[in-house]
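> Here you go, sequence then predicted model.
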Amino acid sequence: MSAAKSYVASVNKLFTEFYKLSTELQILVCIVLWVYIAILMRLMYLGGGVPSDHTVMISFLILLVGLMVGPIIGSVTALVCVALINPAGIIPASVGAVDPNVWMRSIGFILMALLGGMLQRLVHWLNKELYAAQHLNVGTDLPNLRATVRHLEKILKSRNLTNKDLDVLNVRLNNLDTIRESAGQETVNQLLKTLAIELQKKLGDDAYVSQLSGDELLGVHAGEGRDVEAVQNLIKELLAKPITLDGEDYHLTASTG
């Protein structure tokens, strides 16, 4: 069991490192796999055919390509293998002239490529959903407290900053409960998202805005170091104009820090 866990951890680490590579390097890795498969298959074909155990290994490599870069490139890899395994090419002059085993292996290769690509997309979707569940607020899709802590840790580690170099604006909205009772939660969510966008514009394009609770936003901007008065003025400007949704104006009030 421990050996299996170690193997799974190693494979997971391998894929994690692969996805960190640039697109160009990912394509280069796939080309290397293609060349390896092509050489392997050609040598086996010249030696009298492709043994069944080698077919399994090639199918695994095709599945691996599909897992790494998706169904399209995986299918191209499978077609390359089909061309190499069949001396008549991908489209033979006569279907009957092709060994039925070749057809079976060809279909198997393509199915493995599609399976790998589908698994890759499923994993990406699951990772995206898991990230959203852990780091985004439901309804607004704004970063939550956990995501904010990670962001602060990241910028403090990546830059030589002190607390004086950071603008951290805490905006607690006072009248959202009243709006929620009269207009509903969806309107409140839209107001929070709109206000978050405007706050980011005020702080700067590279600012980070998150939602800490149902009525509280936090803006973080590195490198400015505004004083308290400047921060208060910024918030006053932000709330001076009402937010219009579906023809209705909403005036928000807030406590800031």
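Sure, I can see it.
> thought residue 222 was touching residue 158?
No - using CB atoms under 8 Å, residue 222 makes no contact with residue 158, being 9.4 Å away. For the C-beta atoms, the positions are set from N, CA and C on the backbone; glycine is no exception.
> quick one: which of those two has more around it?
residue 222 (19 against 9; other CB atoms under 10 Å).
> From residue 167, how far out is that one?
Counting by CB to CB, to the nearest Å, the separation of residue 222 from residue 167 is 8 Å.
> Find the residues that touch each one of those two.
Common neighbours of residue 222 and residue 167, counting by CB atoms under 8 Å, 6 or more residues apart in numbering, are absent.
> I'd guessed residue 196 sits against residue 209; true?
Yes - using CB under 8 Å, residue 196 makes contact with residue 209 at a distance of 4.6 Å.
> what's residue 167 sitting at in phi/psi?
Torsion angles at residue 167 (phi, psi; degrees, to the nearest 10) stand at phi -100, psi 110.
> Just the element for the nearest residue to it once chain neighbours are set aside, please.
Take residue 167 and drop its neighbours on the chain: the residue closest to it by CB to CB, 6 or more residues apart in numbering is residue 221, 4.3 Å away. Using DSSP states H and E, residue 221 sits in strand 216-222.
> Which strands or helices does the helix or strand harbouring residue 212 pack on?
Assigned by DSSP H and E, residue 212 falls within strand 208-213. In terms of contacts (3 or more CB pairs under 8 Å, 6 or more residues apart in numbering; DSSP states H and E), strand 208-213 is packed against helix 145-158, helix 185-203, strand 216-222.
> And the second one, what does it pack against?
The reference is to helix 185-203. Against helix 185-203 (3+ CB pairs under 8 Å, 6+ apart) you get strand 166-173, helix 176-183, strand 208-213, strand 216-222, helix 228-240, strand 243-245.
> how does it look with 7 Å?
helix 176-183, strand 208-213, strand 216-222, helix 228-240, strand 243-245 (3 or more CB pairs under 7 Å, 6 or more residues apart in numbering; DSSP states H and E).
> Quick one, which of the ones you listed gets closest to residue 130.
Of all the helices and strands packed on helix 185-203, strand 208-213 sits nearest to residue 130, with 18.5 Å by CB to CB.
> now what about the closest one, what contacts it?
By CB atoms under 7 Å, 6 or more residues apart in numbering, the surrounding residues in contact with strand 208-213 are 137, 140, 142-145, 147-148, 151, 192, 196, 199-200, 217-220.
> Buried ones among the residues you listed?
By neighbour count, with 16 or more other CB atoms under 10 Å, these hold 137, 140, 142-144, 147-148, 192, 196, 199-200, 217-220 as buried.
> just these now: which is nearest residue 179?
residue 192 (10.5 Å).
> what's near enough to touch the closest one?
Counting by CB under 7 Å, 6+ apart, residue 192 touches 140, 142, 211, 217.
> Adding distance to residue 133 and pLDDT, write those out as CSV.
Output for the contacts of residue 192, formatted as CSV (distance: CB to CB, whole Å; pLDDT from 0 to 100):
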residue, distance to residue 133, pLDDT
140, 14, 86
142, 14, 89
211, 15, 87
217, 21, 88
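> how about the residues you listed, which pair is most distant?
Using CB to CB, the contacts of residue 192 span at most 9.7 Å, a distance reached by 140 and 217.
> if we can go back for a sec, select, out of the helices and strands packed on strand 208-213, the one closest to residue 70.
helix 145-158 (27.4 Å).
> could you give the mean pLDDT of that closest one?
For helix 145-158, the mean pLDDT works out to 83.
> That one versus strand 208-213: what angle between them?
With axes from the mean of the first three to the mean of the last three CA atoms, to 10 degrees defining the directions, helix 145-158 sits at 140 degrees from strand 208-213.
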